[in-house]
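>>> Predicted model, plus sequence, below.
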2 protein chains.
Amino acid sequence: MAGRMEIEGGAVDQLAGERSRAQFDVDAMKIVWAGSQHAFDVSDRISRLVASDPVFRKDDRTSLGRKDLFQNTLKKMTHALKRIVELRLTEEEGTKLRFFVDQPSYMDLHWGMFIPAIKGQGTEEQQEKWLPLAHKMQIIGCYAQTELGHGSNVQGLETTATFDPKMDEFIIHSPTLTSSKWWPGGLGKVSTHAVVYARLITGGQEHGIHGFIVQIRSLDDHSPLPGVTIGDIGTKFGSGAYNSMDNGVLRFSHVRIPRKQMLMRVCQVTREGNVLQSDVPKQLIYGTMVYVRQTIVSDASAALSKAVCIAVRYSAVRRQFGSQGGGPETQVIDYKTQQSRLFPLLASAYAFRFVGQWLKWLYTDVTQRLEAKDFSTLPEVHACTAGLKSLTTSVTADAIEECRKLCGGHGYLCSSGLPELFAVYVPACTYEGDNIVLLLQVARFLVKTVSQLGSGKQPVGTTAYMGRAEHLLQCTSSASSVEDWLKPSIILEAFEARAFRLAVACAQSISKFESPEAGFAEVSADLLEAAIAHCQLIVVSKFIEKLQEDIPGQGVKEQLRVLCYVYALHLLHKHLGDFLSTGCITPEQAALANEQLRSLYAQVRPNAVTLVDAFNYTDHFLGSALGRYDGNAYPALYAEAWKDPLNDSVVTDGYRDYIRPILKQTIFLSRL
Amino acid sequence: MAGRMEIEGGAVDQLAGERSRAQFDVDAMKIVWAGSQHAFDVSDRISRLVASDPVFRKDDRTSLGRKDLFQNTLKKMTHALKRIVELRLTEEEGTKLRFFVDQPSYMDLHWGMFIPAIKGQGTEEQQEKWLPLAHKMQIIGCYAQTELGHGSNVQGLETTATFDPKMDEFIIHSPTLTSSKWWPGGLGKVSTHAVVYARLITGGQEHGIHGFIVQIRSLDDHSPLPGVTIGDIGTKFGSGAYNSMDNGVLRFSHVRIPRKQMLMRVCQVTREGNVLQSDVPKQLIYGTMVYVRQTIVSDASAALSKAVCIAVRYSAVRRQFGSQGGGPETQVIDYKTQQSRLFPLLASAYAFRFVGQWLKWLYTDVTQRLEAKDFSTLPEVHACTAGLKSLTTSVTADAIEECRKLCGGHGYLCSSGLPELFAVYVPACTYEGDNIVLLLQVARFLVKTVSQLGSGKQPVGTTAYMGRAEHLLQCTSSASSVEDWLKPSIILEAFEARAFRLAVACAQSISKFESPEAGFAEVSADLLEAAIAHCQLIVVSKFIEKLQEDIPGQGVKEQLRVLCYVYALHLLHKHLGDFLSTGCITPEQAALANEQLRSLYAQVRPNAVTLVDAFNYTDHFLGSALGRYDGNAYPALYAEAWKDPLNDSVVTDGYRDYIRPILKQTIFLSRL
Ligand SMILES: Cc1cc2nc3c(=O)[nH]c(=O)nc-3n(C[C@H](O)[C@H](O)[C@H](O)COP(=O)(O)OP(=O)(O)OC[C@H]3O[C@@H](n4cnc5c(N)ncnc54)[C@H](O)[C@@H]3O)c2cc1C
Ligand SMILES: Cc1cc2nc3c(=O)[nH]c(=O)nc-3n(C[C@H](O)[C@H](O)[C@H](O)COP(=O)(O)OP(=O)(O)OC[C@H]3O[C@@H](n4cnc5c(N)ncnc54)[C@H](O)[C@@H]3O)c2cc1C
């Protein structure tokens, strides 16, 4: 219940020494992290509100069985809704409140997928009918696309929606086991309605996949409607974690819905059963997609920063080895190996935060363009957001586990907060597009862009650099000193040249095969690397652009500059093979970069704890005995341990039946 | 309950087509994997025995609460013991039985740490007294070294053992919170005894850390003895997983034990309280260490092969995209990206298996040398086993998660088996030596070896290659065609040159600092990379040595050769920066290697399913709906889902209290 700034009654701030070493204004950094003074104020107020409300406590979450966890989730959500209404919170505040409650639930899908699907794909008439019901939550909806047999390949979905002109109805049906809807969150136990994606059939002809609003449970007694079979799909990764969500299975046996419940903004079925394309351009749907991906990138920086906050604080608390003459041992954060594993993740948290903020801007930009019927930037925006979703979620998933390892044995306890954070986070690599499938889409766009370079078509947005093809193919890095690696132009050029040369090399490889498709398939492992290089360049360049802004606060910009270089140079080191094999830099230049990186780590060190304080997370939100603001990790770990149900009795329950017979050797009597 | 070979009643073998494509004799490969015909027979028989015994079912494990899971574990262990006695199993068979029961428990520590500690560190007299009790399990023991405040740094332990000459006793005491024993498995709820590591104090003087046999619970009623506080330390990562283990916390308040209970093989305390070093060389303890690490490497290949088996089979079952004219879609195992992620892991499973088998030999070799008082190879053996423990566990942990991702969304369900496998496996990166701390030990040995090269002291064992210093510094790879990368000599030379040059570069960097210690600390991130390069070389060279053996069975050796090259060349690609920056190979040669790698993947493809069949795992052991031998993943996933407790009732428990009030809008009434 402690706010992040308050130290609990009487406890000493074990990290005060660390905080006094910081070389920048942490309050100013908090505003930068939040995005604006207003965003900071809202986050700060709402996070304290949540932290101080006993209904929202979550320290018991990983020890609850599935049923109790689920009940607890329902309770929290109802309470959250009540508080939102009672306190007359704005939509922004309400969203923040759910963010800080920090427990996956049907609400996420209702607000995050069901409503947007109706907004994006429903006609005005449909929106007028359904949105008020959904906004008031008189109905609760989910997003039922994936099936047991099909996820990535949406065109392969098997559920059918057959038009019956006699009744003016669609018949929704699950013809096979693999056509069972499988995964939709909120479906298993809560939703009354679903947007169901199904294969449209009218007059015996197939017309592709479309969305349908289908009521699945009674609004009177919540039982599944006739012909509808629903259940939960079972335990998922981790304890606590995503198990608070009722991901569900759903089967239809010839379930009838009115024709008007097909989402008809883009494509309509008439009373007669004819299929008409509306004049609304299909591309409009991309607006929603950019929005959803932007939130995923922003969630990545949130999850990553949480993990990094825990690992940094505990690394400053934890001491191991190096005691000289009975003095205190070395803080593990002082080991260079610890720094070289941890500080790049700290830098990545900031990097992803800024690229996330930029994506917010991009969303506004795209929306305006769409309204003006300017679709020219869409392919580039699509590739860019797909790539950033993939890059940031993959890195974050791995980074959370690395942070756990950085905490040694204690990181393996649920009370460290890290196991649950990992388990709840990793599906982000899979949902909203499998990360590999997304990278292949990016790669396809890059190869296309390369192939059109000669044609006079100028690459736009994040691929604009490819317009300098000749230069990027020929340039050699001019870095000749350790300091040169602090020049944005030198860093950018190296990343641009690497990304471009990898893309060009792929395009050349592809051209050696009988068909482009065959070539693409054959070199697809290389294509992934080219796509990653491109995405990393985007993050690096957006971080550098951020530094060109006016950023107030003593020392703040200087810290960000250091983090930006750490981010770029650790990537350069990690992907050195790319940079060297494409001749973008020489081994000698790489050695200089590495030396610079070492020196940057030393500059991060005194600021590390304060750089994570700038996230302004409450102890409630972190949910970690190791990551506490006051650094009192050991008493917290110790106190948490005793709460385990196994400690309810001193002599364990199975003693008489299973342990005593061994010790007293009575189980062996049969042998004698 | 299905054995691996039998297809359950009536079900079709979905993978029969895959199996018919294999180009080698799977039965012969099974013997290679097992290590010998005898080892295969034992494993095969015992694994079926376990699989067919209903007490050992584990499909419900991830849905059990902590208490039920723990009870279930106690039950299984007692049952296992009973079966071992009833069937008069040999020690080898009994160990295998516990392996296939596949549930962490106090037994692991009793047999794996408590008994070996007494064997390794107890005098003959002590062994005679304690080992029979332990073998019969009239006492159950654990290994209590780690404390809340100290893990890696054993010399920093705070628990004290103060000799009281008046009573001829030691007083075991926990002077601080951080001195609480923390983590020992089997301690929390089961053990009656512990080997406790404590700071020996006699006559007011400190004499370092030693082991003491301490009784902690009553043999009559199992309650903690006076002065002893014990509990479980709480929930750990995952559901099921390592939560079947009672890792414990233990505090002593001036607990007295007889002097004779200090383990005195190497160091003795006399009746008068004098401390004597015995003439038994300290190095003897290394024997146990080599043994333990060898089992860890063997466990790594077991865990990795399990994950790979699941991912390979499911990748052959799963189809997504690429349907032409209504035909079946593409099996995802046919995508080159899937292959480039999956096949290196398959190759690694085999590579780790063989290096594990070699470590078994090394253990025998070391034991014989120790008996002959030949300690010359010990430092090298120590570095080699530390490095291999670190390398194989880190790779395996990451690989399990990669296998989970390779299964798309369904991998996130516990019924896939992968979440639990990951959660139960990852602490192997931390226990028995934090992997980073171990790599630094390897690095220290490498730097020392390099520095002694001029002195005439010949490097031995796995560092023998460093004897060819001059050649390795100057050589340039002669690979000039794609085929050249199938020459063991070319591969080995590249790996040797890379490892050696990285080590030499580190040594040179270190020499630039004021002191070797300061230099070592400063460049330690680079040292990790040098250590990893050395360890990878060991694995590659042991795999190549394996190929020089006579291996019977049609096509078997050819398959292993392909896997060996996949293992080596994927590493070369992954660490390309190392190879290029040290000038071991050129970018052109790297491109040739990459082309060869692509062609090798194509050769693995038709054999992939059969290569995992060769592990001979039962469906029980795999515990995965996705990895079933018969490939019937979808019906299995579907059936598992309905078992979730949330599906006990159709209308969910919280409906009246939490969902209905929202739908009926009654929670908002207060607002009106
Ligand atoms: C926690 C969670 C919540 C979810 N919530 C919802 C929800 O609310 N509503 C909903 O409809 N769905 C939901 N999903 C489903 C999710 O959208 C899918 O799991 C996701 O789209 C991935 O598809 P898949 O599972 O079919 O993976 P697959 O496509 O089967 O992937 C398996 C493997 O094949 C590879 N692969 C597939 N296609 C290709 C290709 N063309 N080239 C190369 N490799 C390929 C992948 O990279 C992967 O390695 C959820 C999933 C999870 C895990
Ligand atoms: C599941 C599990 C079971 C266990 N079972 C037992 C048991 O039965 N009995 C028992 O006694 N113990 C047991 N342990 C404890 C285990 O042995 C320790 O956790 C392990 O030794 C690591 O030590 P630590 O936790 O102190 O890590 P720390 O040393 O605190 O590591 C924290 C971080 O500091 C870094 N670090 C530490 N020292 C250095 C250095 N010198 N240079 C650079 N970096 C450094 C590490 O790399 C890591 O990133 C168990 C642990 C687990 C997780």
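Noted; the coordinates are in hand. Numbering: from 1, shown residues only, chains lettered A, B, ... in the order given. Ligands and ions are numbered 1, 2, ... in the order given.
>>> Next one: the residue in the stretch 451-600 of chain A that ligand 1 sits nearest to from residue A:533, what distance?
Closest contact between the stretch 451-600 of chain A and ligand 1, by CB to the nearest ligand atom, is at residue A:524 (6.9 Å). (C-beta placed from N, C-alpha, C; glycine too.) From residue A:524 across to residue A:533, the span is 15 Å (CB to CB, to the nearest Å).
>>> circling back to that earlier point, does the residue of the stretch 451-600 of chain A closest to ligand 1 touch residue B:335 like I think?
Yes. Between residue A:524 and residue B:335 there is a contact under CB atoms under 8 Å: 7.0 Å.
>>> which other helices and strands contact the longest helix along chain A?
Longest helix in chain A by number of residues (criterion: DSSP state H): helix A:336-371. Where contact means 3 or more CB pairs under 8 Å, 6 or more residues apart in numbering or on different chains; DSSP states H and E, helix A:336-371 is packed against helix A:285-317, helix A:378-406, helix A:524-547, helix A:556-574, helix A:587-604, helix A:608-613, helix B:435-451, helix B:524-548.
>>> Buried ones in that helix, by neighbour count?
Neighbour counts over helix A:336-371 (16 or more other CB atoms under 10 Å in any protein chain shown) mark A:336-360, A:362-363, A:366, A:369-370 as buried.
>>> try stretch A:656-671
Quick answer for stretch A:656-671 (16+ other CB under 10 Å): A:658, A:659, A:660, A:661, A:662, A:663, A:667, A:668.
>>> Quick check: residue A:178 touching residue B:633?
No. Using CB under 8 Å, residue A:178 is not in contact with residue B:633, being 10.0 Å away.
>>> So if I had to pick from those two, which one is more boxed in?
Set residue A:178 next to residue B:633 and count neighbours by other CB atoms under 10 Å in any protein chain shown: residue B:633 wins out with 25 against 18.
>>> need the contact list for the more buried one.
B:14, B:313, B:314, B:317, B:318, B:410, B:625, B:626 (CB atoms under 8 Å, 6 or more residues apart in numbering or on different chains).
>>> wouldn't the second one be in contact with residue B:630 here?
By that I understand residue B:313. No. Residue B:313 sits out of contact with residue B:630 when judged by CB under 8 Å, with a separation of 9.3 Å.
>>> okay, and the common contacts of these two?
Shared contacts of residue B:313 and residue B:630, defined by CB under 8 Å, 6+ apart, comprise residue B:15.
>>> So, low pLDDT: which residues of the stretch 451-600 of chain A?
Of all residues in the stretch 451-600 of chain A, none has pLDDT under 70.
>>> before we move on, back to that, same drill for residue B:313 and residue B:630, tell me which one is more crowded.
Neighbours were counted for residue B:313 and for residue B:630 using other CB under 10 Å; residue B:313 has more, 28 against 21.
>>> Give me the nearest residue to that one, chain neighbours excluded.
Once flanking residues are discounted, residue B:313 sits nearest to residue B:627: 5.1 Å by CB to CB, 6 or more residues apart in numbering or on different chains.
>>> Strands of chain A, residue ranges please.
Applying DSSP state E to chain A gives strands spanning A:141-144, A:160-164, A:169-173, A:181-182, A:193-202, A:205-215, A:228-232, A:248-252, A:255-258, A:267-269, A:275-277.
>>> what residues does the stretch 1-150 of chain A put near ligand 1?
A:109, A:143, A:144, A:145, A:146 (CB under 6 Å from any ligand atom).
>>> Would you mind putting those residues into TSV with pLDDT, neighbour count and distance to chain B alongside?
Shown next, in TSV, are these (pLDDT from 0 to 100; neighbours: other CB atoms under 10 Å in any protein chain shown; distance: CB to the nearest CB, whole Å):
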residue	pLDDT	neighbour count	distance to chain B
A:109	97	28	14
A:143	98	24	14
A:144	98	31	14
A:145	98	22	11
A:146	98	21	7
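>>> Double-check residue A:211 against residue A:126; I have them as touching.
No. Counting by CB under 8 Å, residue A:211 stays clear of residue A:126, with 10.5 Å between them.
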